Each structure stands twice: as C-alpha cells, then as structure tokens.
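J.: I'll drop the sequence and a predicted model, then ask my questions.
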Amino acid sequence: MPSLLAACSSLIFAMNSAVHCYLVLAYTDDEKVALNVGFYYMAIWRATSGNLLSGLIYPTWGIVGCLWVSMVFVLCAGLISLKLEDSKWQQPYPSLAMGDGESLQHFPRSATTE
C-alpha cells in the first residue's frame with residue numbers, strides 16, 4: 001500500500017510540474033525565457049531539498065531543530081543578499097547625500113527653527 005501511495009503521489013507531482021513548467025514558458029517574455037525557467041527550477045530544487053532536509057531533521061531534533069536550521073538558512077540568505085549589487089540603484093536625494101545643502105532651500109522653514 002505505501003508503494004501505491006508513493007507512485008500516485010509521484011504521478012500527481014509530475015503532472016503538476018509539467019503543467020506549471022508549460023505555464024511558465026507560455027506566459028514569459030521571449031527575452032526572459034532562460035531566466036524564468038532558471039528561477040522555476042531553482043524553486044523546485046529549494047522545495048525538494050527543504051522537504052528532504054526537514055524529513056531528516058524532524059525525527060532527530062523535532063520542530064525546534066527544524067526552526068533552528070531554518071534560521072541558519074535565513075541568516076545565510078540575508079548575508080549573501082548583502083553582497084548583491086543593483087546597477088539601477090540610485091540615491092533618492094543625491095544633493096542631500098553630498099551635503100551641499102541646496103536642496104534644503106526647497107523646504108519652508110517653520111517658525112520654531114528661526
């Protein structure tokens with residue numbers, strides 16, 4: 001019985017994955033096909049590896065162990081994202097960042113600051 005359940009579950013997962021992959025390709029821009037398919041397969045890998053890892057951790061350390069391992073992965077993702085650069089990033093107020101004070105003239109002074 002467990003093997004029949006595993007076979008049915010695998011069949012449903014394969015059909016769902018095929019439909020989802022088709023939808024990713026059908027609704028993506030022509031220039032971004034490789035990028036979107038790459039993100040799709042990364043998401044599948046993350047879900048599969050997360051399920052396998054939690055299946056190994058939970059019997060040994062329980063829910064607390066799963067939460068600790070999850071925290072470690074979140075911290076690692078945060079540290080990695082600090083190294084990412086965004087070429088489109090600009091400071092919202094470059095004149096304030098430079099400290100020239102000219103942009104402060106656009107704001108009216110209140111009576112309490114004079």
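T.: Thanks, I have the structure now.

J.: skipping its backbone neighbours, what lies nearest residue 53 in space?
T.: Nearest in space to residue 53, with sequence neighbours left out and distances taken as CB to CB, 6 or more residues apart in numbering, is residue 69 at 7.0 Å. The way it works is simple: take the backbone N, C-alpha and C, and place the C-beta from them, glycine included.

J.: which pLDDT value belongs to the one you found?
T.: We have a pLDDT of 93 for residue 69.

J.: how far off centre is the helix or strand encompassing residue 72?
T.: In this assignment (DSSP states H and E), residue 72 forms part of helix 33-82. Centre-to-centre, helix 33-82 and its host chain are 11 Å apart (CA atoms, centre = their mean, to the nearest Å).

J.: and it, what does it pack onto?
T.: Contacts defined by 3 or more CB pairs under 8 Å, 6 or more residues apart in numbering; DSSP states H and E place helix 33-82 against helix 2-26.

J.: angle of the helix it packs on against helix 33-82?
T.: Inter-element angle recorded for helix 2-26 and helix 33-82: 100 degrees (by axes from the mean of the first three to the mean of the last three CA atoms, to 10 degrees).

J.: helix 2-26 packs against which elements?
T.: Against helix 2-26 (3+ CB pairs under 8 Å, 6+ apart) you get helix 33-82.
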